[in-house]
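Undergrad: Sharing a sequence plus its predicted fold:
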Amino acid sequence: MRVYELAKQMGISSIELMDRLQELGVEVKNHFATVDPALVKQLKDAQIASSSPRAEVKKEEQNEPQEEQKQELPEAQLSPVARPWLKKIKPPVARLSSAARLWFEKIKQRDRKFILISSLASVVVVLLVTLVLLRIAAPEQGKPGEDRSKVTVKTEQRDTKDKKEPFVIKPLINVLVVGAEGVDGREKARGLLLAKLNFQNRTIQAVSIPERTYLSTPDLGLDQIGDSLTMGIKSTKRAVEGLLKVPIENYIIMHHSDFEYLVNERRFEIAFNKAVETGFLAAEKEAYRKKITRISAAEVNIISLPVKLISINGEPYCQPDNEEVNRLLEALWGIKREANAEVVRVIILNGSGQPGIGRDVSNKLYAKGFMVSDIRNADNFDYKNTRIIVYNEEFKEKAKAVKQILGVGDILIQATAPDLAEIAIIIGKDYKF
């Protein structure tokens with residue numbers, strides 16, 4: 001007998017019959033395949049044995065939860081015409097085995113989890129899209145000044161602070177004004193003014209520092225003061241404070257073109273009008289601007305920092321004339337700097353390969369009054385012991401002081417001295433920081 005004929009007799013589909021045959025280990029290729037007579041009898045007997053009376057169905061229905069029974073509409077309330085139809089459409093779950101019903105429940109639970117996860121994902125997507133749209137819609141703050149294409153100073157968002165925050169207008173305040181410009185992708189201080197704003201006698205005294213003034217700082221070693229802005233405004237403030245020994249109470253960064261206009265016109269309110277970045281609060285800045293407008297240009301005095309032109313390794317640079325600088329500071333601020341006639345210049349060479357070790361040594365030496373001329377790598381990173389090389393024996397005591405600061409070091413004397421430093425330090429692996 002063929003598969004489709006047997007299926008018709010058993011009242012099932014050919015596909016269902018083929019599935020049963022495969023469960024019995026009988027392979028059939030299609031609906032027209034022949035089924036062995038013995039197997040036909042076995043399948044029919046199995047179907048008869050598996051058929052259950054109505055009482056068994058009722059027993060299974062009694063085992064169903066009470067909640068599901070309440071959901072079914074009693075047949076007694078239906079019309080005679082509707083009762084036969086109800087028997088046909090009655091939920092098939094009641095006629096399934098316990099295993100099949102358990103499988104259906106698992107499917108329902110999985111669907112509920114999928115719906116929950118999908119809902120959460122949708123909420124997250126909506127929030128992200130909203131944030132992006134708000135960011136795009138936010139207006140970009142324009143930058144004041146004439147030429148803005150070359151300047152990339154990042155504005156400090158101080159205006160976002162509460163404008164009601166209390167502040168005091170000081171009668172005397174030291175403000176650092178920086179004229180910034182982008183050079184080769186880096187921010188440089190093309191102009192520097194340390195201004196003493198005196199609102200008591202309505203005068204402004206300012207010192208202009210050339211950008212090519214070379215000095216030793218813990219952040220850069222020996223370098224142009226104008227390059228200090230690449231490390232941030234804090235580095236520039238430290239460099240100016242270290243040079244002039246005058247405390248800086250606040251700062252303003254502006255575009256270099258606006259800075260030049262300020263210097264030429266002697267109008268300091270321009271600094272507050274054209275500030276790109278400042279440490280002042282918005283209301284505080286406006287209050288100082290109004291105060292400065294009452295000071296005439298005739299009462300604004302800008303003096304250039306006294307410097308000497310010298311050469312290191314053939315490169316010209318400006319070095320502060322300490323004697324003249326001392327006179328200037330005493331006249332403007334009443335500050336007397338201690339004369340340091342014996343400034344020892346030091347070169348630091350990293351011979352251990354540890355990143356940042358040169359900067360650590362520089363900070364320690366700078367704090368003790370040494371002038372760090374340069375920081376760079378040694379010829380190799382295999383130095384086990386730190387070497388302190390003295391190029392002139394009269395600086396041997398200074399070399400001992402360096403050893404005491406570092407805690408390690410073998411002092412060596414070398415007759416040939418470079419014109420860049422009196423002492424060279426090769427940091428070995430024995431130095432710990």
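TA: Nice, I can see it.

Undergrad: roughly how far apart are V126 and V132?
TA: 11 Å (C-beta to C-beta, to the nearest Å). (Glycine included, C-beta is placed from N, CA and C.)

Undergrad: scratch that, M231
TA: Applying C-beta to C-beta, the value for M231 to V132 is 33 Å.

Undergrad: Please apply the same query to P166.
TA: Remark: distance between P166 and V132 (C-beta to C-beta) = 38 Å.

Undergrad: Give me the distance between the two termini of stretch 292-309.
TA: Using C-alpha to C-alpha, to the nearest Å, the end-to-end distance of stretch 292-309 comes to 35 Å.

Undergrad: What residues of that stretch count as buried?
TA: Across stretch 292-309, burial judged by 16 or more other C-beta atoms under 10 Å covers 292, 295, 300, 302, 305-307.

Undergrad: and if you look at stretch 198-210?
TA: For stretch 198-210, a neighbour-count test (16+ other C-beta under 10 Å) marks 199, 204-207, 209-210 as buried.

Undergrad: So of these, which two are at opposite extremes in space?
TA: Greatest spatial distance among the buried residues of stretch 198-210 (C-beta to C-beta): F199 and P210, at 28.3 Å.

Undergrad: Where does pLDDT dip in the stretch 301-433 of the chain?
TA: 310-316, 337-342, 416-420 (pLDDT under 70).

Undergrad: change it to 50
TA: Along the stretch 301-433 of the chain, segments meeting pLDDT under 50 span 313.

Undergrad: mind listing the strands for it?
TA: Remark: strands assigned in the stretch 301-433 of the chain by DSSP state E, counting those that start in this stretch are 307-312, 315-320, 345-350, 371-377, 387-390, 410-413, 423-427.

Undergrad: Neighbouring strands - and their directions - for the fifth one?
TA: Looking at strand 387-390 with DSSP bridges, its paired strands and their directions are strand 410-413 (parallel), strand 423-427 (antiparallel).

Undergrad: Including distance to M10, could the buried residues of stretch 292-309 go into CSV?
TA: Below are these laid out as CSV (distance: C-beta to C-beta, whole Å):
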residue, distance to M10
I292, 104
I295, 110
V300, 110
I302, 110
L305, 109
P306, 114
V307, 110
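
Undergrad: Just give me the closest of these to I248.
TA: Closest to I248, out of all of the buried residues of stretch 292-309 and judged by C-beta to C-beta, is L305, at 15.1 Å.

Undergrad: Show me where this protein has its helices.
TA: Per DSSP state H, the chain carries helices over the ranges 3-10, 14-23, 37-50, 54-63, 66-71, 82-89, 98-137, 233-244, 256-265, 269-273, 282-292, 322-333, 357-367, 396-406.

Undergrad: Where does pLDDT dip in the stretch 1-150 of the chain?
TA: Using pLDDT under 50, the stretch 1-150 of the chain drops low at 52-61, 64-73, 81, 86, 88-90, 93-94, 139-150.

Undergrad: In contact with I413, which residues?
TA: 389-390, 393, 396 (C-beta atoms under 8 Å, 6 or more residues apart in numbering).

Undergrad: Next one: it from I426, what distance?
TA: Per C-beta to C-beta, I413 is found 14 Å from I426.

Undergrad: one step back: out of the strands paired with strand 387-390, flag the one nearest F272.
TA: Checking the strands paired with strand 387-390 against F272 by C-beta to C-beta gives strand 423-427 as the closest, at 45.1 Å.

Undergrad: got the angle for the closest one vs helix 396-406?
TA: Taking axes from the mean of the first three to the mean of the last three C-alpha atoms, to 10 degrees, strand 423-427 and helix 396-406 form an angle of 30 degrees between their directions.

Undergrad: Give me the contact list for strand 423-427.
TA: Strand 423-427 is contacted by residues 344-352, 354, 357-358, 361, 378, 383, 386-391, 395, 398-399, 402, 406, 409, 418 when judged by C-beta under 8 Å, 6+ apart.

Undergrad: Same question for stretch 260-275.
TA: Outside stretch 260-275, the residues touching it (C-beta under 8 Å, 6+ apart) are 144-145, 175, 177, 179, 191, 193, 195, 197, 204, 208, 252-255, 258, 278, 280, 285-286, 288-289, 292-293, 295, 297-298, 300, 302.

Undergrad: again, 7 Å this time
TA: Residues from elsewhere that reach stretch 260-275 (C-beta atoms under 7 Å, 6 or more residues apart in numbering): 144-145, 177, 179, 195, 204, 252, 254-255, 258, 285, 288-289, 292-293, 297, 300, 302.
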